[in-house]
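# next come a sequence and a model predicted from it.
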Amino acid sequence: MNQEQKTELKDGVTLARLAEIAGTTTAIARTYDQVGLLEHETVEGKKRFHLAAFERLEQILVLNTEGLKFADILKRFGIDAKTAAQNMRAELETLQASLEISRAKIKAISEKLGSRAVQRVNELVLSKKELAELEQLRQSNIRRALLVEQKARAIKTQLEYKNASMSVTRIDLPQAPRKSKKRLN
């Protein structure tokens, strides 16, 4: 870990950034956080992880690579499986509540704006998707064109080589001396 990352951890980082610094995936770090293995603080409703969480995550990852099972890792840090399951359920309930709040906000906004505005937003989203698909198709066609061009150059080079070797063969072949046939009378 470099000095910049240490400074980031002192200030607090998101779970995704913590996972990145530790060299693991966000999903793995989230699992360890949900069971209560990673310490964090909540600032403005968002979790922030510091150096202690990073060090704990590193320890867990090392134990995991050494072959320790998840339950054994939990025991090693003083968390029993029931507590871990309760923590995960609580996290799930929090996420579900947050999802419901977001859905309610979306519904309220769509009712406020009216169906015409929502329809226009959907059209714009579809347009973006279509544009992305067209861009992918364009990139794919460019790659195909480059491949065809490469093959054409290779074939042209092969033909030039064959023509050159054939002309060299015709020029360089020594002519057999002609023997004159004299008739003996």
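Good, I have the coordinates.
# which elements pack onto the helix or strand containing Thr31?
Using DSSP states H and E, Thr31 sits in helix 26-34. Counting contacts by 3 or more Cβ pairs under 8 Å, 6 or more residues apart in numbering; DSSP states H and E, helix 26-34 is packed against helix 15-22, helix 51-65, helix 81-113. From N, CA and C alone the C-beta is placed, and that goes for glycine too.
# out of the ones you listed, deepest packed?
By mean neighbour count, with neighbours taken as mean count of other Cβ atoms under 10 Å, helix 15-22 ranks first of these at a mean of 20.
# any idea how far that helix is from the chain center?
The chain centroid and the centroid of helix 15-22 are separated by 15 Å under Cα atoms, centre = their mean, to the nearest Å.
# on contacts alone, who are the packing partners of it?
Using 3+ Cβ pairs under 8 Å, 6+ apart: helix 15-22 touches helix 3-11, helix 26-34, helix 51-65.
# report pLDDT for Leu51.
We have a pLDDT of 90 for Leu51.
# the one 10 residues further on too?
According to the predicted model, the pLDDT of Leu61 comes to 92.
# low-confidence ranges in this structure?
114-115, 118, 122, 126-128, 131, 163-185 (pLDDT under 70).
# picking up where we left off before, which of the helices and strands packed on helix 15-22 sits closest to Ala132?
Closest to Ala132 of the helices and strands packed on helix 15-22, according to Cβ to Cβ: helix 26-34, at 23.6 Å.
# how far off centre is the following helix or strand past the closest one?
Counting by DSSP H and E, the next helix or strand C-terminal to helix 26-34 is strand 41-43. Centroid displacement of strand 41-43 relative to its chain, using Cα atoms, centre = their mean, is 28 Å.
# please apply the same query to stretch 73-90.
30 Å.
# repeat for stretch 100-110
Averaging C-alpha positions (Cα atoms, centre = their mean) puts stretch 100-110 31 Å from its chain's average.
# alpha carbons of it, in CSV - could you do that?
Presented in CSV, the C-alpha positions along stretch 100-110 are these (Å, rounded to 0.1, in the frame of the first residue of the first chain):
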residue,chain,number,x,y,z
GLU,A,100,-38.8,0.7,-1.2
ILE,A,101,-38.1,4.3,-0.4
SER,A,102,-36.4,4.7,-3.8
ARG,A,103,-39.4,3.1,-5.5
ALA,A,104,-41.8,5.4,-3.7
LYS,A,105,-39.7,8.4,-4.8
ILE,A,106,-39.7,7.3,-8.4
LYS,A,107,-43.5,6.7,-8.3
ALA,A,108,-44.1,10.2,-6.8
ILE,A,109,-41.9,11.8,-9.4
SER,A,110,-43.5,9.9,-12.2
